[in-house]
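In: all I have is the shape, not the residue letters:
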């Protein structure tokens with residue numbers, strides 16, 4: 001059973017995550033947790049600074065804002081339950097800061113997945129300020145499915161193929177179990193991809209991917225492999241995802257930080273920023289939470 005947390009901010013962009021979360025929860029017998037993080041502004045209380053009337057007005061505005069946010073969550077839950085009686089849907093209005101509030105709630109709810117929509121940041125904005133999605137994924141102990149915000153809240157998700165980039169490491173292979181689970185939800189097949197530079201051994205790469213394919217055979221899912229040549233791993237993966245019509249890319253990632261992220265980039269982050277497919281990411285803490293024994297036992 002999946003307990004799925006869906007962060008919402010009141011915009012159609014954030015609600016693009018709802019069809020994905022609902023489909024996964026419905027087909028796995030899971031539950032949805034719709035959450036909104038209220039960011040309170042500081043209300044001055046010193047009469048000498050604001051005056052008693054101004055302070056009271058600001059407090060009333062803060063209370064009204066919180067009430068509107070609670071109403072939004074209730075209305076969203078109502079819309080889902082009218083059109084789809086299942087799965088079970090709960091709501092929670094959280095108190096900021098945003099990342100910490102989302103992670104705490106996910107832990108308390110026993111969530112196994114976070115599904116969220118994003119509008120990626122670029123350039124220096126990405127390097128220095130980051131984004132809620134970026135910070136959440138890096139510190140999240142469970143997988144995060146990141147969908148494109150421009151899809152909107154009414155587009156039914158369809159996935160025919162789940163693509164899994166692999167580099168020969170156990171870390172990368174930890175995404176396979178989650179790709180299998182996602183493929184089962186959508187009755188999709190699997191595509192294992194390895195990107196090589198022009199001077200690498202293509203035959204060895206093909207043998208490695210064939211070994212992975214053999215290990216997932218007991219799952220009953222159809223699987224294909226592909227070795228692709230390209231100097232830029234992320235750009236090559238985006239091209240392969242487009243050509244193969246992959247519905248989701250699932251991968252494990254060690255996120256870089258700060259200036260190194262700007263200079264060297266990050267495969268998962270580039271896929272989210274520049275790709276057109278949803279991305280299921282297991283970052284550092286999710287990998288540590290899984291433990292080495294679970295990473296190698298996915299078959």
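Out: In hand now; what should we look at? Note that the structure is a prediction, hence the values are computed from the model and not measured.
In: and residue 14, how far is that from residue 5?
Out: Here the distance between residue 14 and residue 5 works out to 13 Å (CB to CB, to the nearest Å). From N, CA and C alone the C-beta is placed, and that goes for glycine too.
In: sketch out the low-pLDDT regions of the stretch 51-200 of the chain for me.
Out: 51-58, 63, 120-131, 150-154, 198-199 (pLDDT under 70).
In: contacting residues for residue 87?
Out: 22, 25, 26, 29, 30, 31, 32 (CB atoms under 8 Å, 6 or more residues apart in numbering).
In: which phi and psi does residue 32 have?
Out: When quoted as degrees, to the nearest 10, the phi and psi of residue 32 stand at phi -100, psi 140.
In: who's in contact with it?
Out: Going by CB under 8 Å, 6+ apart, residue 32 touches 4, 6, 21, 22, 25, 80, 87, 88, 89, 90.
In: go on, residue 136?
Out: For residue 136, counting by CB under 8 Å, 6+ apart, the contacting residues are 99, 102, 103, 114, 116, 144.
In: let me see the ranges of the strands in this structure.
Out: According to DSSP state E, the chain carries its strands in the segments 3-7, 31-38, 88-95, 113-118, 144-148, 161-165, 189-196, 223-229, 248-252, 279-282.
In: just to revisit the earlier point, quick check, nearest of the contacts of residue 32 to residue 283?
Out: Using CB to CB, residue 4 is the member of these that lies nearest residue 283, at 17.6 Å.
In: residues near residue 203, how many?
Out: 9 (other CB atoms under 10 Å).
In: same check on residue 236?
Out: 18.
In: which one of residue 14 and residue 5 is surrounded by more residues?
Out: residue 5 (27 against 19).
In: test my guess that that one contacts residue 30.
Out: No: counting by CB atoms under 8 Å, residue 5 sits too far from residue 30 to count as a contact (11.0 Å).
In: measure the nearest residue to residue 107 once chain neighbours are set aside to residue 26 for me?
Out: Leaving aside its sequence neighbours, residue 107 sits nearest to residue 141 (CB to CB, 6 or more residues apart in numbering; 7.6 Å). Noted for residue 141: a distance of 25 Å to residue 26, by CB to CB.
In: now swap in residue 110 and tell me
Out: Residue 110 is 19 Å from residue 26, by CB to CB.
In: between the two, tell me which one has more neighbours.
Out: residue 26 (16 against 11).
In: give the contact list for residue 89.
Out: Listed by CB under 8 Å, 6+ apart, the contact set of residue 89 reads 31, 32, 34, 77, 80, 81.
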